[in-house]
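**Student:** 3D, please:
(chains A and B)
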Number of protein chains: 2
Amino acid sequence: MVAIVSNLKPPYYAVIFTSLRTEPDAGYGDMARRMLELAATQPGFLGLESTRNEGFGISVSYWTDPEAIAAWKAQADHFVAQELGRSEWYRAYRVRVCKVEREYGFEKPG
Amino acid sequence: MVAIVSNLKPPYYAVIFTSLRTEPDAGYGDMARRMLELAATQPGFLGLESTRNEGFGISVSYWTDPEAIAAWKAQADHFVAQELGRSEWYRAYRVRVCKVEREYGFEKPG
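**Tutor:** Numbers count the residues shown, from 1 in each chain, chains lettered A, B, ... in the order given. Modelled structure (predicted):
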């Protein structure tokens, strides 16, 4: 996903997910793609930015409020339990729930 | 920088910087490295996570409070003004200032 989410107005919420992959696994990309499709259908989902390099990845998802994040976490935990445990995919990860207080940006004219 | 920052206790602050690079430029890596060195010397700096793939990057820096972020922004603006303008390096970017309210994580044993 190579896109900057730039249409949001603070305050809203962000979930910063940083992760270190285990060895590449053929199933991971498919799991991650379906997880994203699932997130996008959740109430309160506002957008996602994600990138990964040499096993280290950062994904930031944006949400209307903490309740939407909690509901998504329940869905995601259920999803992961149906698949391999998250511990199979990651050597380590960190999840941070944040309130976005302000933002600004720049876009090169067309 | 391939490391997860995992030693922090909320509440603290995060700056999420998402960017889309212009064409690769030999000077960029050096600029980014010096910028990071500068950040690490700032009062209130807690850590940084950063990754980039195919021109799309996400860097998250962590700070004690909004005042530390404002002081760092003034330094960074000065630094960028001395170098090429940021608009030379990026097609687009977005900066989000967030309060980290809670976090959790996982690390594979040894």
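**Student:** Could you give the bridge partners of A:Leu48?
**Tutor:** A:Ser61 (DSSP bridges).
**Student:** residues touching it, list them.
**Tutor:** A:Leu48 makes contact with A:Met1, A:Val5, A:Leu36, A:Ala39, A:Ala40, A:Ser59, A:Val60, A:Ser61, A:Tyr62 under the criterion CB atoms under 8 Å, 6 or more residues apart in numbering or on different chains. All C-beta spots, glycine's among them, are computed from the backbone N, C-alpha and C.
**Student:** Now with 7 Å, please.
**Tutor:** A:Leu48 makes contact with A:Met1, A:Leu36, A:Ala39, A:Ser59, A:Ser61, according to CB atoms under 7 Å, 6 or more residues apart in numbering or on different chains.
**Student:** What subset of those is buried?
**Tutor:** A:Ala39, A:Ser59, A:Ser61 (16 or more other CB atoms under 10 Å in any protein chain shown).
**Student:** Please state the offset of the strand or helix carrying A:Ser50 from the chain centre?
**Tutor:** Assigned by DSSP states H and E, A:Ser50 falls within strand A:45-53. Put simply, strand A:45-53 sits 5 Å off its chain's centre (CA atoms, centre = their mean, to the nearest Å).
**Student:** thinking again about what came up before, just to be sure, which of the contacts of A:Leu48 are found in strands?
**Tutor:** Counting by DSSP state E, the part of those found in strands is A:Ser59, A:Ser61.
**Student:** Run the contact check for the strand ranked longest in chain A versus chain B.
**Tutor:** Scanning chain A for the strand with the most residues, using DSSP E, yields strand A:90-107. Yes. Strand A:90-107 lies within reach of chain B by CB under 7 Å from any CB of the partner chain, at A:90-107.
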